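J.: below are the sequence and a predicted model for it; my questions follow.
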Protein chains: 2
Amino acid sequence: MNLDANGVKDEPLFDGSILTEVDFTLCSSTYNPAITPTNPGENLKLRPLCKSDYEKGYMELLQQLTVVGDVTYEQFEDRFDKMSSCKNSYYIVVIEDTLTNRVIGSATLAVEQKFIHQCSSRGRIEDVVVDNTYRGKQLGKLLLDLLTLLSKHVGCYKVSLECKDKVVGFYSNFGYIKEEGQNYMCRRF
Amino acid sequence: MNLDANGVKDEPLFDGSILTEVDFTLCSSTYNPAITPTNPGENLKLRPLCKSDYEKGYMELLQQLTVVGDVTYEQFEDRFDKMSSCKNSYYIVVIEDTLTNRVIGSATLAVEQKFIHQCSSRGRIEDVVVDNTYRGKQLGKLLLDLLTLLSKHVGCYKVSLECKDKVVGFYSNFGYIKEEGQNYMCRRF
């Protein structure tokens, strides 16, 4: 439990101290201006998703990404608690505009445990979204660099993401490779 | 806790009764001879991964798939317990040859919880392997059909898998589609 700016009890999805353990100087990206996870920009704060983010527009932000549907706070909290109970599995980070108290960016590192590779884990970057009106501030890049480094920090032997053709070049800047002869297939219900 | 054939206490990764809840008649594949998850073939049994499978060659089977490394029973059990504690997340099924008491096939359905799609989930079929000497018995097909149906049964809005070029045709038989313009990128550590 944390106290938010108004002294209200809140609960992060995971212990945010792990974000400060990531050595961000290891990332190969160039930032101009030089933002970091601890200093993501003026009036911006990067931190774990909290329960109070339901009120701060987290679900509305996700709607800029894909279908979300109507989700009540109780449904949100139930899902939050289930993710939280899966230890070391869900690292959802958000960027909040501390002037408006709105969540304006988010990305997820989902960690799948494995028996292969010496009982290793595999990371997946999922649901990266930055609010339309906050584009051009390097925030997508910041989220991606952070979660990629975090995946290594938590012991993943590899990390992957899915993307459309037009952003393959963008993601290759982060060390992601479209491996020859490897396909991704999907069945929707 | 279950008792195995020798009356030894054992522990499945998940409650196997969910496998019997899957209506296998819904799968569109044709089986000749007509095997099913409950009758996978003579002297074969399909069931959840159990702790005793460490002794029954589960890790050796995975070596036919990829790098596994030396894993002690303690390491195996630790990973097993961590997966098990993530409720409704890891469905690893195995096929045992009941004559030799060896695990000769396995596949994993890993379920990632989401906030999108009305707090839905996304399934991934991972680590499908059938022992070289048991090929041609439709066991890979059986595992894939079962876990695909299971992913829907447990509420996934979609299920995906990764595969090499040469098996795209094979997986398309199961309703999997290589979606136009969708890429999968990976970074290895």
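T.: All right, it came through fine. These numbers come from a predicted model, not from an experiment.
J.: switch to C-alpha atoms for all contacts and neighbour counts from now on
T.: OK.
J.: just give the nearest non-adjacent residue to residue A:87, would you?
T.: Distance criterion Cα to Cα, 6 or more residues apart in numbering or on different chains; nearest residue to residue A:87, sequence neighbours excluded, is residue B:86 at 7.3 Å.
J.: the residue nearest the centre of chain A in helix, strand or coil?
T.: The residue lying closest to the centre of chain A (Cα atoms, centre = their mean) is residue A:107, at 2.3 Å. Assigned by DSSP: H, G, I helix; E, B strand; the rest coil, the conformation of residue A:107 is strand.
J.: so where is chain A shaky, pLDDT-wise?
T.: A:1-9 (pLDDT under 70).
J.: would you map the helices across it?
T.: Applying DSSP state H to chain A gives helices spanning A:17-21, A:58-63, A:73-85, A:116-119, A:139-153, A:168-172.
J.: so which of these comes closest to chain B?
T.: Each of the helices of chain A has some distance to chain B by Cα to the nearest Cα; the shortest is helix A:116-119, at 4.5 Å.
J.: circling back to that earlier point, correct me, but the residue nearest to residue A:87 touches residue A:84?
T.: No: using Cα atoms under 8 Å, residue B:86 makes no contact with residue A:84, being 9.6 Å away.
J.: now the helices of chain A in TSV, with distance to residue B:185 and mean neighbour count?
T.: Formatted as TSV, those follow (distance: least, Cα to Cα, whole Å; neighbours: other Cα atoms under 10 Å in any protein chain shown):
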stretch	distance to residue B:185	mean neighbour count
helix A:17-21	24	13
helix A:58-63	22	20
helix A:73-85	25	16
helix A:116-119	19	18
helix A:139-153	12	21
helix A:168-172	8	15
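J.: minimum distance to residue A:42: which of those helices has it?
T.: Among the helices of chain A, the nearest to residue A:42 by Cα to Cα is helix A:139-153 (12.0 Å).
J.: now look at the closest one and say if it contacts chain B.
T.: Yes: Helix A:139-153 reaches chain B (Cα under 8 Å from any Cα of the partner chain) through residue A:152.
J.: residues contacting that helix, please?
T.: A:19, A:22-24, A:26-27, A:29, A:35-37, A:40, A:93, A:105-109, A:111, A:123, A:125, A:128-130, A:158-159, A:174, B:189 (Cα atoms under 8 Å, 6 or more residues apart in numbering or on different chains).
J.: show me those residues that map onto strands.
T.: Among those, DSSP state E puts A:93, A:105-109, A:111, A:123, A:125, A:128-130, A:158-159 in strands.
J.: for residue A:131, grab the count of nearby residues.
T.: 18 (other Cα atoms under 10 Å in any protein chain shown).
J.: dump the residue contacts of residue A:134.
T.: Contacts for residue A:134 (Cα under 8 Å, 6+ apart) come out as residue A:104.
J.: what sits closest to residue A:178 if chain neighbours are left out?
T.: Excluding its sequence neighbours, the residue lying closest to residue A:178 (Cα to Cα, 6+ apart) is residue B:185, at 4.6 Å.
J.: one step back: how about the helices of chain A, which one is nearest residue B:15?
T.: Among the helices of chain A, helix A:73-85 sits nearest to residue B:15 (Cα to Cα), with 18.1 Å.
J.: gap between that closest one and the chain center?
T.: 17 Å (Cα atoms, centre = their mean, to the nearest Å).
J.: give me the residues contacting that helix.
T.: By Cα under 8 Å, 6+ apart, the list of residues contacting helix A:73-85 from outside reads A:13-14, A:51, A:54, A:89-90, B:86, B:113-115, B:119.
J.: and if we set it to 7 Å?
T.: A:13-14, A:51, A:54, A:90, B:86, B:113, B:119 (Cα atoms under 7 Å, 6 or more residues apart in numbering or on different chains).
J.: likewise stretch A:175-189?
T.: Contacting residues not belonging to stretch A:175-189 are listed as B:152, B:157-165, B:175-179, B:184-187 [Cα under 7 Å, 6+ apart].
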